[in-house]
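Visitor: Sequence unavailable; structure follows:
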């Protein structure tokens, strides 16, 4: 009981620190300034506020492999962006087996007839040794985009490149908002965490926690503070100043990265002084990717969890211990300690039980409070928040399985293609 009381006290103290001093990771207020977080059109006054004198040219790069199911619902929205400047889309068909490239071309032709942005379908080349699959597709799209001298304000290509995924749906004004924010605040990277799908029971259980844990690992306020070294991005929506990426060595600098968004955010923030990046949340950029079962969600998390830990057994052990201490010990201490105290444990046992019960309850309450804003973002009941310890235990199992997969030789994959390890 004494050791349980100590563990609960340490956990409660850790939660006080996390809520008070860990970059406000649990809050959901990091949004693009001056933008509407709905799909509705901005008012005239809103549209005019803070707009650039001349809108820079933007090229979107969409790596796509076997995305024929997603594209009809997502590509037209990207091509139909309400953007006043030059805007082109480059979709890289990474040797798909389901007709992705042909379908994209057909959708592009239809969008062009309706006044949409021009679409270029880039046929993917075989991946060279040392390149991760998605990064190689992104690099081919970036090369095609920057070879187009179509920028009205520049010479030699677009001033910004927008990296997005084939399963992302865009509100009509989303690109305009991104560019406005990047120009007004002099950011070389503006990234938004797409609102993930949370429709099935397993998605509603796992997805909000996925974003919550990501924000805990990379507090958005710290990412957005140029004085901090914390760096990250969200791969579904990354608007990058072309000159900054080229000055950092281009995508070849992260060619082997299996978590490309965090690697790219880190590259841009740390390669040169004064590089300002921004990461936040949005409801205007939405992922349509379904994760209908626990198996699909498990694979999504397990394929990259050990990569995030840099294949380091010590970091793995520390992460698992940390998850148990922060999330599992408090409810265990609250339940065991309060039952023991109620049963009338004798002597020092009663004191230990009381400390374990009260400290465990305090930690459980604090973690519950911290999870409520994310649940509200996903329009889910706050009554789900007390179950966070069970979700964390599930994530610990997924992390451990990620390491097991690595040591058993199961390759990380992108859309069914093994990545270079």
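Guide: Yep, that arrived. None of these values were measured; they are calculated from a predicted model.

Visitor: Low-confidence bits of this protein, can you list those?
Guide: For the chain, residues meeting the criterion pLDDT under 70 lie at 34-50, 148-156, 272-274, 341, 344-349, 410-421.

Visitor: what about 80?
Guide: 1, 33-50, 148-156, 272-274, 338, 340-352, 409-421 (pLDDT under 80).

Visitor: for the protein, what's the longest strand?
Guide: Longest strand in the chain, counting residues (DSSP state E): strand 277-287.

Visitor: For that one, buried residues please.
Guide: For strand 277-287, burial by neighbour count (16 or more other CB atoms under 10 Å) applies to 277, 278, 279, 280, 281, 282, 283, 284, 285, 286, 287. Just so you know, the C-beta spots here come from the backbone N, C-alpha and C atoms, and that holds for glycine as well.

Visitor: Make CSV out of those and add distance to residue 200.
Guide: Putting the buried residues of strand 277-287 into CSV (distance: CB to CB, whole Å) gives the following:
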residue, distance to residue 200
277, 33
278, 31
279, 27
280, 26
281, 22
282, 22
283, 19
284, 23
285, 21
286, 16
287, 14
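
Visitor: Tell me which two of the residues you listed sit farthest apart.
Guide: 277 and 286 (22.3 Å; CB to CB).

Visitor: In terms of secondary structure, what does the longest strand of the chain contact?
Guide: Packing contacts for strand 277-287, counted by 3 or more CB pairs under 8 Å, 6 or more residues apart in numbering; DSSP states H and E, involve strand 168-170, helix 174-185, strand 189-195, helix 220-224, helix 260-270.

Visitor: so which of those gets nearest residue 160?
Guide: helix 174-185 (6.5 Å).

Visitor: Now do the buried residues in the closest one.
Guide: 174, 175, 176, 177, 178, 179, 180, 181, 182, 183.

Visitor: and the angle from that helix to strand 277-287?
Guide: Relative orientation of helix 174-185 and strand 277-287, computed by axes from the mean of the first three to the mean of the last three CA atoms, to 10 degrees: 170 degrees.

Visitor: which residues sit against helix 174-185?
Guide: Helix 174-185 has contacts (CB atoms under 8 Å, 6 or more residues apart in numbering) with 32-36, 47, 50-52, 55-56, 58, 60, 81-85, 87, 160, 162, 187-188, 190, 192, 237, 239, 241, 276, 278, 282, 284-285.

Visitor: Mind checking which of those residues are buried?
Guide: Neighbour-count burial (16+ other CB under 10 Å) is assigned, among the contacts of helix 174-185, to 32, 35-36, 47, 55-56, 58, 60, 81, 83, 85, 87, 160, 162, 187-188, 190, 192, 237, 239, 241, 276, 278, 282, 284-285.

Visitor: Leaving out chain neighbours, which residue sits closest to residue 195?
Guide: Excluding the flanking residues, the one nearest residue 195 by CB to CB, 6 or more residues apart in numbering is residue 286, at 4.7 Å.

Visitor: about what we covered before: what's the closest of the helices and strands packed on strand 277-287 to residue 355?
Guide: For residue 355, the closest of the helices and strands packed on strand 277-287 is helix 220-224, at 32.8 Å, according to CB to CB.

Visitor: next one: the helix or strand just after the closest one to chain centre, how far?
Guide: Counting by DSSP states H and E, the element after helix 220-224 in chain order, helix or strand, is strand 237-241. Strand 237-241 sits 13 Å away from the centroid of its parent chain (CA atoms, centre = their mean, to the nearest Å).

Visitor: next SSE after strand 237-241?
Guide: helix 242-247.

Visitor: Can you name every helix or strand that the helix or strand in which residue 143 is found contacts?
Guide: Assigned by DSSP H and E, residue 143 belongs to helix 133-146. Counting contacts by 3+ CB pairs under 8 Å, 6+ apart, helix 133-146 packs against strand 58-64, strand 87-93, strand 119-123, strand 160-164, helix 242-247, helix 260-270, strand 413-414.

Visitor: Quick one: the ones you listed as CSV, columns for distance to residue 223 too.
Guide: Formatted as CSV, these follow (distance: least, CB to CB, whole Å):
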stretch, distance to residue 223
strand 58-64, 22
strand 87-93, 26
strand 119-123, 30
strand 160-164, 17
helix 242-247, 16
helix 260-270, 7
strand 413-414, 24
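
Visitor: Roughly how far does the residue positioned nearest the centre of the chain sit from residue 316?
Guide: For the chain, the residue nearest the mean C-alpha position is residue 234 (3.7 Å; CA atoms, centre = their mean). Using CB to CB, to the nearest Å, residue 234 is found at 24 Å from residue 316.

Visitor: Am I right that residue 30 is in a strand?
Guide: No - Residue 30: not assigned to a strand; according to DSSP: H, G, I helix; E, B strand; the rest coil it is coil.

Visitor: Quick one: distance of the longest helix belonging to the chain to the chain centre.
Guide: Using DSSP state H to define each element, the chain has its longest helix at helix 348-377. Remark: helix 348-377 is offset 28 Å from the chain centroid, using CA atoms, centre = their mean.

Visitor: which other helices and strands contact that helix?
Guide: helix 2-21, helix 201-217, helix 329-343, helix 388-407.

Visitor: Which of those sits closest to residue 227?
Guide: Going by CB to CB, the one of the helices and strands packed on helix 348-377 nearest residue 227 is helix 2-21, 15.6 Å.

Visitor: So which elements touch the closest one?
Guide: Packed against helix 2-21 by the contact rule (3+ CB pairs under 8 Å, 6+ apart) you find helix 329-343, helix 348-377.
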